[in-house]
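In: coords below, sequence missing:
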């Protein structure tokens, strides 16, 4: 099965679970509950949940074991997008062809919807009954990873440079940490031991950096200051992404057929067209 | 021991734990890490951690068992204050006699510091190794409790009424849910069974409403639209708070001497001077 087919199949498994995890849009306060759903339904590619399911399968478990984590990483990712779009952050009016949450519901409700989506991510993940999984997601979401990366990204935009290793460091925090946690949580809920879990998390970090390069390569506007494409030029950035992908695939080689969905998603994440 | 003495003693136990849980202010991104600490050190009365410790003692455990939860509820409370103060929310410039986080660090960093404090609350709580505790805090922090209450509070300020039961409903969500979770988590980490835990959570909800009335009674400005003091008048509001407190104390009566700190804190929360 190709990556898009896999994402569609696992997405169909995720949607009713996510739908049931969100309060109905009409439940009071209805502006808040509608705003929480605005960017989530319909969502994007559901790549992070896909990686979570695929990692769970790669360690030999049925993908359903990863459901709480798959939903949690998508909720966490969605909260981070809602806050990143705010006027005081990236100040974006549109995302995925629709008004951003603060444009549609106002700034206060957008901040609150993001806050509630983060809390819901932990509520849903807690259903898996594994406190170490909660610690893993909370670490990826915190000031040393996702939120720290967004802080550095804003500072970088105000004072851009061509320092490729600084840029890659920001990408590791802002994008790759949550991709690594998606894979790590899927492996953890699939019963992976510490060594295999650690190996898959390391793959996730490298894949996350390669994914961010691919994102920058696809960005027609290319208006992001913090971009390896801008710092290295397109051919060198593409080569870096391919080298990272090759490393990831090599590290997954001995996991056999059951890791094929994860390998397919890794290839797709780095080589996809928008 | 009186309530202030108890809060001082348990506060001394909490401070080094909280201090160690926060990245150093100088760690990059230092603006973010400084901003996370701004409202936390020195903090307020540390009432929620105090209630958490006292509930843990009330069910027969040593207070140290409650440390992860005591730190988590203070981190969660602090994040909610940072976001409540934002220009798009209550737009407050000062809190506890100091500039608010967005005044000191800018709006973007204030949003991010709040986000990171919420993630850290779950990271610290996860150390207790109890996924049900994570679910309890996440529920109190979510759109049906704390965040929903803040949403309703903002809507109420825009269209005030004197509907006392609507006001009390907002207080239950915005203030009381986290007070109840503070007590519930302390009891849970102290090993309370489901029946005792449920009873203490119910006490916490009533105490939380009484605490909010006391807060409104103490508020010299009294500029909050959503206030039972404004809706009922001072004597009736005071009577309501005392009636709630009496109910809480009655429900705690059979727990004996080990619940005396919890009873003392309940009296203090409702009758304190600012």
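Out: Arrived safely, thanks for sending. These numbers come from a predicted model, not from an experiment. Numbers count the residues shown, from 1 in each chain, chains lettered A, B, ... in the order given.
In: where exactly do the strands run in the stretch 51-200 of chain A?
Out: Secondary structure of the stretch 51-200 of chain A, counting by DSSP state E, counting those that start in this stretch: strands at A:94-95, A:98-99.
In: any chance of the ones you listed in JSON lines, plus mean neighbour count?
Out: For every residue, glycine as well, the C-beta is placed using N, CA and C. Shown next, in JSON lines, are these (neighbours: other CB atoms under 10 Å in any protein chain shown):
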{"stretch": "strand A:94-95", "mean neighbour count": "14"}
{"stretch": "strand A:98-99", "mean neighbour count": "13"}
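In: and those as a markdown table, adding distance to chain B and mean pLDDT?
Out: Below are those laid out as a markdown table (distance: least, CB to the nearest CB, whole Å; pLDDT from 0 to 100):
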| stretch | distance to chain B | mean pLDDT |
| --- | --- | --- |
| strand A:94-95 | 17 | 96 |
| strand A:98-99 | 17 | 97 |
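In: how close does the closest residue to residue A:173 other than its chain neighbours sit to residue A:208?
Out: In space, and not counting its chain neighbours, residue A:173 is closest to residue A:149: 3.1 Å by CB to CB, 6 or more residues apart in numbering or on different chains. As defined by CB to CB, to the nearest Å, residue A:149 lies at a distance of 11 Å from residue A:208.
In: Compare neighbour counts for these two and give me the winner.
Out: Neighbours were counted for residue A:149 and for residue A:208 using other CB atoms under 10 Å in any protein chain shown; residue A:208 has more, 28 against 25.
In: what's that one in contact with, if anything?
Out: A:171, A:172, A:175, A:176, A:177, A:178, A:179, A:180 (CB atoms under 8 Å, 6 or more residues apart in numbering or on different chains).
In: Assign a three-state SS to it, would you?
Out: helix (DSSP: H, G, I helix; E, B strand; the rest coil).
In: Skipping adjacent residues, who's closest to it in space?
Out: residue A:176 (2.5 Å).
In: And the helix or strand where residue A:266 lies, what does it pack against?
Out: Residue A:266 is located in helix A:260-271, with elements delineated by DSSP states H and E. With contacts defined as 3 or more CB pairs under 8 Å, 6 or more residues apart in numbering or on different chains; DSSP states H and E, helix A:260-271 has these neighbours: helix A:3-21, helix A:47-58, helix A:194-218, helix A:234-252.
In: Mind putting the strands of the stretch 51-200 of chain A into a markdown table with distance to residue B:250?
Out: Below are those laid out as a markdown table (distance: least, CB to CB, whole Å):
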| stretch | distance to residue B:250 |
| --- | --- |
| strand A:94-95 | 53 |
| strand A:98-99 | 52 |
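In: out of those strands, nearest to residue B:16?
Out: Nearest of the strands of the stretch 51-200 of chain A to residue B:16, taken as CB to CB: strand A:94-95 at 42.8 Å.
In: Mind listing residues that contact the closest one?
Out: With contacts defined as CB under 8 Å, 6+ apart, strand A:94-95 is touched by A:39, A:81, A:85, A:100, A:103.
In: of the strands of the stretch 51-200 of chain A, which approaches residue A:164 most closely?
Out: Per CB to CB, nearest to residue A:164 of these: strand A:94-95, 27.4 Å.
In: Given that closest one, what are its sheet partners and their directions?
Out: Sheet pairing for strand A:94-95, assigned by DSSP bridges, gives strand A:98-99 (antiparallel).
In: got the contact list for the strand it pairs with?
Out: Taking CB under 8 Å, 6+ apart as the rule, strand A:98-99 contacts A:38, A:93, A:104.
In: Please check these and keep the buried ones.
Out: Among the contacts of strand A:98-99, those classed as buried by 16 or more other CB atoms under 10 Å in any protein chain shown are residue A:38.
In: okay, the contacts of strand A:98-99 in CSV with pLDDT next?
Out: CSV is the format used below for these (pLDDT from 0 to 100):
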residue, pLDDT
A:38, 98
A:93, 97
A:104, 98
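In: and the contacts of strand A:98-99, which of them are in helices?
Out: With helices defined by DSSP state H, the entries of the contacts of strand A:98-99 inside them are A:38, A:104.
In: which parts of the stretch 151-274 of chain A sit against chain B?
Out: Residues of the stretch 151-274 of chain A that fall close to chain B, judged by CB under 8 Å from any CB of the partner chain: A:151, A:152, A:154, A:155.
In: so which of the residues you listed is the most crowded?
Out: Compared across these, residue A:151 has the highest neighbour count, 28 neighbours, by other CB under 10 Å.
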